[in-house]
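Novice: what follows is a predicted protein model with its sequence.
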Amino acid sequence: MTHLSITDLSKTYPSAPQPALNNLTLDIPSGSLTALLGPSGCGKTTALKIIAGLLAPTSGDVRLDGTSILSQSPDRRGAVMVFQNPLLFPHMTVAENIGFGLSMRHLPKADIAARVAEMLTLIQLPNIGPRRPSQLSGGQAQRVALARALILRPRLLLLDEPLSNLDTTLRAEMRDLIRSLQRTTGITTIFVTHDQEEAVVLADQIALILDGRLQQFGPPDAFFKRPATQTIARFFGGVNFIAGHNKGGTFSSALGALLVQADLREGPGTLTIRPENIRLGAAKHNTVQATLLERTYLGVQTRLILCVGGVNLEASVNPDDAAQLDIGAILPINLPPESLWLLPQISTGANQSKAFVQHQ
Amino acid sequence: MAHLRRMAAIVLISWLVLPLVPLAIWSFARGWTFPNLLPQNWTLQPWAFALSPQSGVLHSLGLTTGIALAATALSVLLGVPAGRALGQYKFRGKTLIELIILAPIIMPGIAVAMGLQSVFIGLHLNNTVTGVVLVHLIPTLPYMVLVMSGIFAAYDPQVEDQARSLGASPGQVFRHITLPAILPGIIVGAMFTFLVSWSQYILTLVIGGGRVQTLPLLLFQFATSGRNDITGAIGMIYILPGVLILILTARHLTGRSSAITGFGQ
């Protein structure tokens, strides 16, 4: 059980004008599974390599259980990194690959063999020990790479995009494997991903990093219910943004006066509601008349584009409820007060979200 | 496929082995005149002379082996890092450097030797074994660098980071990861180097000033003096390392795990 704390970690590469990582501060609880989420090139792999000791930070500190590990060489940190490519050693068998770390520690051969066998069972590939890495499929190689790290019982497991080289079926399988292995071993684990869905499904908490900066850190549902900025809301699929002013639990905007929860910040701001939270029909609060502009059937849901007071809103509704609606019809919809969230008005979002689109 | 393989074997034999047959016969011949298909009398005398101290063959054999080994060791030391740089990194002027490294293979040896002689005289390296070893690097290093840059182009340096992270010290990473990956290349490169140095004539003659009497120089002396029988015996000794190396490394030179891929990328 290892508690990781990262303080003001920055990294500027000599050739780059912008820092790859900018004052990252994170406190990762013992035994948790944390996702570093962000588009490629946002600095998340840089952070992982610094924690692993494969890269020196420009400034900042990394502490395991309160002790700084920056002065320790990578082989002594107990922070084991698994790369995006499995990077199995081609001249060794699968068993030798998995036992590599232990044989570097000069453990007795019999002990290594026993623990390798245990690992092969754990990754559900008990019979591939004598094979060569070139004889494995991509999914198998990835599992072997994971076993090769887990056998060391590291204090910290660092996974760099562990699923990105796998196809969809294998990806789900591997995701479940990582989740269950992490649960059983209780090893504090950090994984890097650019896939928002992957982070949400796997992680106990997500650290969203954009342009080298930490944007928000918290459990997955916070990113949907309480995003800190418009950029973050957009990253997690938020599309409805309504400018206005909040005072005493009432938000005044082009949609009229909307009842909001009392604990939201007062003053000018941007109101947001997720498409799946907009309800068709009238309700006790926040019922508005909307004109239906577009209807797209997506199978499990139907996407509607609605216009209210000159503001376009996107709603995801049950296809059965939307089947009878005509384009151009005026219909009542309601915005449940508990689904409304207020973002700061002056969002750094506009520029950043553009930058993000380019990254993608 | 079987046909092709048999054809290749026949071509190889007629190309490499047949020309050596007369040489081998000569080394056991006493009087072999036209139009006889085989010598009139057989003898071991050319071999006895070749292996006796006064022929100088054994001394030359030792000297040639020593020079070739020294040149090989130096070109491994220089060629492996150079190959790593060329195979793995992109930098300004890389194409130019590749061209300069290959240039000695393209340039005629005599031109290089003549140009270098004055430099070596200035450095007091002419007529010395050290000088000859150094000048042998000119034709040998390109092969070493060529082979190693191909090896390194196919080598992902991230495996070293991976091994470090799994608890290997820098020394262990080299021993267990880097070395096994590049060893086939080093072996092939070293073989090339050894053979090219072994068969070097012009550069040894010019820089060694005739005082560094390697086997090819000695062989040439006997060949020009018309002693076909002794030339035959020395010739047989001379081709020995080539044949041995060919047999030992055939599997490294061809097939799936071929070490020769050129400047990679």
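Specialist: In hand now; what should we look at? Numbering: from 1, shown residues only, chains lettered A, B, ... in the order given.
Novice: nearest residue to residue 165 other than its sequence neighbours?
Specialist: Assuming you mean chain A. Ranked by CB to CB, 6 or more residues apart in numbering or on different chains and with sequence neighbours excluded, the top spatial neighbour of residue A:165 is residue A:138, at 5.9 Å. C-beta here means a position set from N, CA and C on the backbone, and glycine is covered the same way.
Novice: try chain B instead
Specialist: Nearest to residue B:165 is residue A:81, by CB to CB, 6+ apart, at 4.4 Å.
Novice: surely the one you found and residue A:50 touch.
Specialist: No - contact between residue A:81 and residue A:50 fails when scored by CB atoms under 8 Å: they sit 10.6 Å apart.
Novice: for the stretch 1-150 of chain B, which spans come out with low pLDDT?
Specialist: B:1 (pLDDT under 70).
Novice: so how far is stretch B:24-34 off the chain centroid?
Specialist: 29 Å (CA atoms, centre = their mean, to the nearest Å).
Novice: contact residues of chain B facing chain A?
Specialist: B:156, B:158-159, B:161-169, B:172, B:176-177, B:180-181 (CB under 8 Å from any CB of the partner chain).
Novice: now residue A:24. Nearest residue, chain neighbours left out?
Specialist: The nearest residue in space to residue A:24 (CB to CB, 6+ apart) is residue A:9, at 4.4 Å.
Novice: for residue B:110, that is, sorry about that
Specialist: Residue B:110 sits nearest to residue B:202 (CB to CB, 6+ apart), 5.3 Å away.
Novice: does residue A:147 count as helix, strand or coil?
Specialist: State at residue A:147, reduced to three classes by DSSP: H, G, I helix; E, B strand; the rest coil: helix.
Novice: right, and it touches residue A:122 too?
Specialist: Yes - between residue A:147 and residue A:122 there is a contact under CB under 8 Å: 6.7 Å.
Novice: and the two? which has more neighbours close in?
Specialist: residue A:147 (24 against 19; other CB atoms under 10 Å in any protein chain shown).
Novice: tell me the contacts of the more buried one?
Specialist: For residue A:147, the contacting residues are A:98, A:119-120, A:122-123, by CB atoms under 8 Å, 6 or more residues apart in numbering or on different chains.
Novice: any idea how far it is from residue B:166?
Specialist: 11 Å (CB to CB, to the nearest Å).
Novice: can you check residue A:172 too?
Specialist: Taking CB to CB, one finds residue A:172 at 27 Å from residue B:166.
Novice: cool, and residue A:104?
Specialist: 7 Å.
Novice: hey, what's in contact with both of these two?
Specialist: Common neighbours of residue A:104 and residue B:166 (CB under 8 Å, 6+ apart) are residue A:75.
Novice: compare those two (neighbour count), which wins?
Specialist: residue B:166 (27 against 19).
Novice: circling back: got the phi and psi for the residue nearest to residue B:165?
Specialist: phi -100, psi 140 (degrees, to the nearest 10).
Novice: so what pLDDT did residue B:239 get?
Specialist: On pLDDT, residue B:239 comes in at 88.
Novice: and residue A:331, helix, strand or coil?
Specialist: Classified using three-state DSSP, residue A:331 is strand.
Novice: so what's it bridging to?
Specialist: Per DSSP bridges, the residues bridged to residue A:331 are residue A:290.
Novice: if I pick it, what's in contact with it?
Specialist: A:280, A:289-290, A:292, A:325.
Novice: among those residues, who's most crowded?
Specialist: Going by other CB under 10 Å, residue A:290 tops those with 25 neighbours.
Novice: ok, it touching residue A:335?
Specialist: No - Residue A:290 is beyond contact range of residue A:335, at 10.2 Å (criterion: CB under 8 Å).
Novice: list phi and psi for residue A:128.
Specialist: According to degrees, to the nearest 10, residue A:128 has phi -100, psi 10.
Novice: can you report how many residues lie near it?
Specialist: Here the number of neighbours of residue A:128 (other CB under 10 Å) works out to 19.
Novice: I'd say it and residue A:136 touch.
Specialist: Yes - contact criterion CB under 8 Å: residue A:128 and residue A:136 qualify, at 6.9 Å.
Novice: overlap of the contact sets of the two?
Specialist: A:94, A:144.
Novice: which residues touch the closest residue to residue A:333 other than its chain neighbours?
Specialist: Leaving aside its sequence neighbours, residue A:333 sits nearest to residue A:290 (CB to CB, 6+ apart; 4.9 Å). Taking CB under 8 Å, 6+ apart, we find residue A:290 in contact with A:306-308, A:313, A:330-333.
Novice: buried subset of those residues?
Specialist: A:306, A:308, A:313, A:333 (16 or more other CB atoms under 10 Å in any protein chain shown).
Novice: could you dump those residues into TSV with secondary structure and pLDDT added?
Specialist: Shown next, in TSV, are the buried ones among the contacts of residue A:290 (DSSP: H, G, I helix; E, B strand; the rest coil; pLDDT from 0 to 100):
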residue	secondary structure	pLDDT
A:306	strand	93
A:308	strand	91
A:313	strand	93
A:333	strand	92
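Novice: now, which of those sits nearest chain B?
Specialist: Lowest distance from chain B to the buried ones among the contacts of residue A:290 (CB to the nearest CB) belongs to residue A:313, with 47.1 Å.
Novice: mean confidence for the helix or strand containing residue A:197?
Specialist: Secondary structure from DSSP states H and E places residue A:197 in helix A:196-202. Helix A:196-202 comes out with an average pLDDT of 90.
Novice: what does that helix rub up against?
Specialist: A:33, A:35, A:37, A:163, A:171, A:175, A:178-179, A:191, A:193, A:206, A:220, A:223, A:235-237.
Novice: let me know the closest of those to chain B.
Specialist: residue A:191 (14.7 Å).
Novice: for the closest one, which non-adjacent residue is spatially closest?
Specialist: residue A:159 (3.8 Å).
Novice: setting aside sequence neighbours, what's the nearest residue to residue B:172?
Specialist: Looking at residue B:172 with CB to CB, 6+ apart, the closest residue is residue A:104, at 5.4 Å.
Novice: what residues of the helix or strand hosting residue A:110 count as buried?
Specialist: Per DSSP H and E: residue A:110 is located in helix A:109-122. Neighbour counts over helix A:109-122 (16+ other CB under 10 Å) mark A:112, A:115-116, A:119-120, A:122 as buried.
Novice: same question for stretch A:89-105.
Specialist: Those would be A:89, A:91-104, for stretch A:89-105 by 16+ other CB under 10 Å.
Novice: roughly how far out does that stretch sit from the chain middle?
Specialist: 31 Å.
Novice: put the alpha carbons of that stretch into PDB.
Specialist: What follows is stretch A:89-105 as a C-alpha-only set of coordinates in PDB (Å, rounded to 0.1, in the frame of the first residue of the first chain):
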ATOM      1  CA  PHE A  89      12.600  -9.100 -24.800                       C
ATOM      2  CA  PRO A  90      12.700 -11.000 -28.100                       C
ATOM      3  CA  HIS A  91      15.600 -13.300 -27.200                       C
ATOM      4  CA  MET A  92      13.900 -14.700 -24.100                       C
ATOM      5  CA  THR A  93      11.000 -17.000 -23.600                       C
ATOM      6  CA  VAL A  94       7.700 -15.800 -22.100                       C
ATOM      7  CA  ALA A  95       8.600 -17.300 -18.800                       C
ATOM      8  CA  GLU A  96      12.100 -15.700 -18.900                       C
ATOM      9  CA  ASN A  97      10.400 -12.400 -19.700                       C
ATOM     10  CA  ILE A  98       8.100 -12.600 -16.800                       C
ATOM     11  CA  GLY A  99      10.900 -13.700 -14.500                       C
ATOM     12  CA  PHE A 100      13.300 -11.000 -15.700                       C
ATOM     13  CA  GLY A 101      12.900  -8.600 -12.800                       C
ATOM     14  CA  LEU A 102      13.300 -11.400 -10.200                       C
ATOM     15  CA  SER A 103      16.300 -12.900 -11.900                       C
ATOM     16  CA  MET A 104      17.900  -9.400 -11.900                       C
ATOM     17  CA  ARG A 105      17.500  -9.600  -8.100                       C
END
